[in-house]
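Enquirer: structural data only, the sequence is not supplied:
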């Protein structure tokens with residue numbers, strides 16, 4: 001039988017592992033702490049008929065150790081921290097360990113075909129109330145798998161004490177034993193105190209846990225009973241039989257004798273979970289340490305509330321889910337917000353850029369100037385149109401198109417310029433527009449990141465014939481998917497509306513609404529099915545009303561990052577130019593790779609192990625294999641974009657991120673930098 005024992009190198013687990021192996025079964029030990037002592041299982045195999053397979057891993061990252069649950073018949077789950085772990089880790093990390101990791105392990109065991117899952121917890125009321133509640137939640141999580149073909153068994157034990165392969169001296173019974181020894185308290189008095197506290201000999205509990213796991217009968221509980229002689233058959237919650245006073249005395253005498261003779265160093269770090277946790281916190285999680293963040297902090301999350309939910313439901317119930325009254329209302333509100341003279345709502349920013357290129361007369365065989373640091377949809381759109389990009393290198397600090405390098409592209413005959421307001425920081429638009437106007441070339445601004453930004457005091461979207469915004473799920477506001485074109489020329493807005501509505505003179509709302517005028521809608525020119533739907537616009541209206549609050553929080557988060565990371569020499573922080581007010585859609589740092597022993601991708605992997613999500617904005621279009629095949633090799637002509645593509649990392653940023661999460665991200669950056677810092681000669 002193959003038995004997975006989580007925590008199998010610990011105080012209770014090492015004895016359970018030994019018994020499982022001695023009975024001729026294969027014990028798979030998933031543990032972290034047992035690897036602090038290489039002799040944990042010394043001599044065990046020579047005395048056993050079974051085998052022991054140690055798997056170094058974290059119960060919270062089962063996907064990293066698939067061999068742990070492969071083909072297991074039984075699971076004995078012992079990773080349930082106590083009050084001493086609560087003090088060291090905090091409630092959030094403990095919940096992850098006790099509840100979430102237990103649920104994921106039970107699910108993995110069920111998928112693997114395990115027939116029994118034994119969870120060992122503390123007796124209710126015997127530990128800290130917070131820990132007690134977490135243990136009960138873990139029990140509930142395991143019992144929920146009763147109908148999957150895997151039998152859940154809960155064993156509740158009292159306070160443990162005794163001698164094991166991995167000793168712990170942070171346990172209440174052991175602290176009491178040390179104190180009694182120092183005070184020359186008679187063993188008889190100590191025995192009475194342990195009896196009153198309900199102390200359980202470690203070997204006694206290990207034997208009964210093993211019995212419950214290996215029992216071949218349909219009823220778990222053979223040899224395992226409650227204090228009154230029976231378990232709870234309905235919930236499969238069991239208690240080890242009450243040990244005899246003689247058993248307790250023998251176990252206590254063995255413990256006291258070991259302390260008196262110096263068999264262990266009770267103050268050693270390995271015997272105290274809290275100290276072990278503290279040591280692991282200083283070690284990079286990638287190297288086996290404890291993550292900085294107790295739970296994963298994503299790069300971004302949408303900020304959607306009850307108002308959006310209600311607006312969406314009402315729009316659906318109205319029957320107008322595609323075109324409808326919310327679309328023109330959203331367009332008007334958006335125009336007012338950015339100070340534009342016209343706005344057209346579309347299904348995405350990609351659609352917006354395409355529609356603008358078509359309206360501007362760009363056609364197959366033409367060239368368009370764009371920075372390579374941009375989203376892939378720009379390259380795909382150009383290729384689909386039969387248009388080639390002329391890549392203009394970027395400014396190293398803003399990552400925006402460098403106007404000083406634009407003249408060459410204009411002289412080469414590009415038919416449009418697409419500057420990108422990268423991360424929400426405005427480009428040097430006066431210079432870009434002046435150069436483009438001199439050559440009679442339209443400018444199509446990619447403002448996907450820039451809602452809420454301003455240039456020389458004017459909101460992005462106030463000026464310009466074509467300004468394209470994005471409302472993707474994690475943008476500054478969202479409509480789930482969506483985009484908007486703003487313009488300072490109303491006639492362009494009217495023409496773009498036709499392009500976005502299949503080139504037709506009227507939308508479905510115009511044709512079939514209450515105020516519809518009879519007569520056919522006619523096609524006045526080429527077009528696409530790009531118009532935004534009524535449901536999305538309803539959400540957008542709610543989001544737009546929150547924009548000011550969202551932007552205020554984004555600026556607070558950016559300021560906090562700048563403060564917390566100001567003295568980290570291995571990274572370059574973003575900044576705002578005097579002419580700009582950034583929308584802070586992204587907070588992008590650049591690594592100084594000459595000061596680190598790893599590349600950017602490994603640095604991101606290290607952060608992921610610290611429970612920090614990151615992004616790469618962007619990997620230069622000229623470096624993607626397919627784009628290189630289609631557009632040629634521009635690497636040598638784009639030194640700044642090429643370098644940035646290998647150095648940039650976007651840190652978590654959204655209006656709902658907490659200060660504690662921001663601080664955790666900053667701490668993780670520092671931790672990884674410390675671990676991967678290149679020593680100078």
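Expert: Okay, I see it. Keep in mind it's a predicted model, so treat the numbers as computed, not measured.

Enquirer: drop to CA atoms for contacts and neighbour counts, all remaining ones
Expert: Will do.

Enquirer: so what sits opposite residue 469 in the bridge?
Expert: residue 484 (DSSP bridges).

Enquirer: spit out the contact partners of it.
Expert: Shown in contact with residue 469 (CA atoms under 8 Å, 6 or more residues apart in numbering): 349, 352, 446-451, 483-485.

Enquirer: just these: which are in strands?
Expert: Cross-referencing the contacts of residue 469 against strands under DSSP state E gives 446, 483-485.

Enquirer: can you put the residues you listed in TSV and add distance to residue 610 and pLDDT?
Expert: Formatted as TSV, the ones in strands among the contacts of residue 469 follow (distance: CA to CA, whole Å; pLDDT from 0 to 100):
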residue	distance to residue 610	pLDDT
446	34	98
483	34	98
484	37	98
485	40	98
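
Enquirer: which one of those sits in the busiest neighbourhood?
Expert: For these, the largest neighbour count, defined by other CA atoms under 10 Å, is 35 neighbours, found at residue 485.

Enquirer: so for it, what's the nearest residue that isn't a sequence neighbour?
Expert: Among residues not flanking residue 485 along the chain, residue 468 sits closest, at 4.6 Å (CA to CA, 6 or more residues apart in numbering).

Enquirer: model confidence for that neighbour, exactly?
Expert: Per-residue pLDDT puts residue 468 at 98.

Enquirer: got the contacts of residue 469 as a markdown table, with distance to residue 210 columns?
Expert: Shown next, in a markdown table, are those (distance: CA to CA, whole Å):
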| residue | distance to residue 210 |
| --- | --- |
| 349 | 60 |
| 352 | 65 |
| 446 | 64 |
| 447 | 63 |
| 448 | 59 |
| 449 | 58 |
| 450 | 61 |
| 451 | 61 |
| 483 | 61 |
| 484 | 64 |
| 485 | 67 |
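
Enquirer: correct me, but residue 52 touches residue 27?
Expert: Yes: taking contacts as CA atoms under 8 Å, residue 52 lies within contact range of residue 27: 4.8 Å.

Enquirer: tell me the helix or strand right after the helix-or-strand element of the chain with minimal mean pLDDT.
Expert: None of the helices or strands of the chain scores lower by mean pLDDT, DSSP states H and E than helix 508-512, at a mean of 65. Using DSSP states H and E, the helix or strand that follows helix 508-512 in sequence is helix 534-545.

Enquirer: quick one: distance of the next helix or strand after that next one to the chain centre.
Expert: With elements assigned by DSSP H and E, the helix or strand that comes after helix 534-545 is helix 547-564. Here the centre of helix 547-564 is set off from its chain's centre by 20 Å, with CA atoms, centre = their mean, to the nearest Å.

Enquirer: quick one: buried residues of helix 547-564?
Expert: In terms of neighbour count (16 or more other CA atoms under 10 Å), helix 547-564 has its buried residues at 547, 550-551, 553-555, 557-558, 560-562, 564.

Enquirer: for the protein, give me the ranges with low pLDDT.
Expert: 33-48, 218-236, 508-518, 681 (pLDDT under 70).

Enquirer: what about 50?
Expert: 35-36, 220-235 (pLDDT under 50).

Enquirer: domain-wise, how is it divided?
Expert: Per automatic domain parsing, the domain ranges recorded for the chain read 2-159+200-242, 323-494+530-545, 547-676.

Enquirer: pick the most buried one from the ones you listed.
Expert: Comparing the domains of the chain by mean neighbour count (mean count of other CA atoms under 10 Å), domain 323-494+530-545 ranks first with a mean of 22.

Enquirer: residue contacts, the residue nearest to residue 485?
Expert: With CA under 8 Å, 6+ apart, residue 468 has these contacts: 349, 352-353, 444-448, 483-486.

Enquirer: and which of those is nearest to residue 652?
Expert: Set against residue 652, the nearest of these by CA to CA is residue 448 (17.8 Å).

Enquirer: nearest to residue 257, of the domains of the chain?
Expert: Ranking the domains of the chain by proximity to residue 257 (CA to CA) places domain 2-159+200-242 first, at 15.3 Å.

Enquirer: what sits against the nearest residue to residue 632 once chain neighbours are set aside?
Expert: Leaving out its chain neighbours, the residue that sits closest to residue 632 by CA to CA, 6+ apart is residue 622, at 7.9 Å. The neighbourhood of residue 622, defined by CA under 8 Å, 6+ apart, consists of 372, 628, 631-635.

Enquirer: what is the nearest of the ones in strands among the contacts of residue 469 to residue 617?
Expert: For the ones in strands among the contacts of residue 469, the nearest to residue 617 is residue 446 (14.3 Å; CA to CA).

Enquirer: wait, the closest one sits on residue 464?
Expert: No: assessed by CA under 8 Å, residue 446 is found out of contact with residue 464, at 11.4 Å.

Enquirer: now residue 75: phi and psi?
Expert: phi -130, psi 130 (degrees, to the nearest 10).

Enquirer: which residues touch the helix or strand hosting residue 498?
Expert: Assigned by DSSP H and E, residue 498 falls within helix 490-500. Applying CA under 8 Å, 6+ apart, the contact partners of helix 490-500 are 341-344, 346, 355-356, 359, 465, 485-487, 504-506, 524-531.

Enquirer: give me phi/psi at the residue nearest to residue 632?
Expert: As for residue 622, its main-chain torsions (degrees, to the nearest 10) stand at phi -70, psi -10.

Enquirer: ok, now residue 343?
Expert: Note on residue 343: its backbone torsions stand at phi -150, psi 140 [degrees, to the nearest 10].

Enquirer: can you pull the contacts of the residue nearest to it when sequence neighbours are not counted?
Expert: Residue nearest to residue 343 in three dimensions, not counting chain neighbours: residue 486, with 4.4 Å by CA to CA, 6+ apart. By CA under 8 Å, 6+ apart, residue 486 lies in contact with 335, 340-344, 461-462, 464-468, 493.

Enquirer: now swap in residue 237 and tell me
Expert: The neighbours of residue 237, taking CA under 8 Å, 6+ apart as the test, are 153-156, 231.

Enquirer: filter those down to the ones in strands?
Expert: Within these, residues falling in strands by DSSP E are 153-156.

Enquirer: touching, residue 561 and residue 662? I think so.
Expert: Yes: here residue 561 reaches residue 662: they are 7.0 Å apart, a contact under CA under 8 Å.

Enquirer: mind putting the contacts of residue 468 into a markdown table with distance to residue 581?
Expert: Formatted as a markdown table, these follow (distance: CA to CA, whole Å):
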| residue | distance to residue 581 |
| --- | --- |
| 349 | 22 |
| 352 | 24 |
| 353 | 23 |
| 444 | 20 |
| 445 | 16 |
| 446 | 16 |
| 447 | 14 |
| 448 | 15 |
| 483 | 22 |
| 484 | 21 |
| 485 | 21 |
| 486 | 19 |
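
Enquirer: between those, which sits nearest residue 379?
Expert: Distance to residue 379 across these (CA to CA) is lowest for residue 353, with 11.1 Å.

Enquirer: now the two most distant members of the contacts of residue 468.
Expert: That would be 444 and 483, which, of the contacts of residue 468, are the farthest apart (CA to CA) at 14.0 Å.

Enquirer: this completes my enquiry, with thanks.
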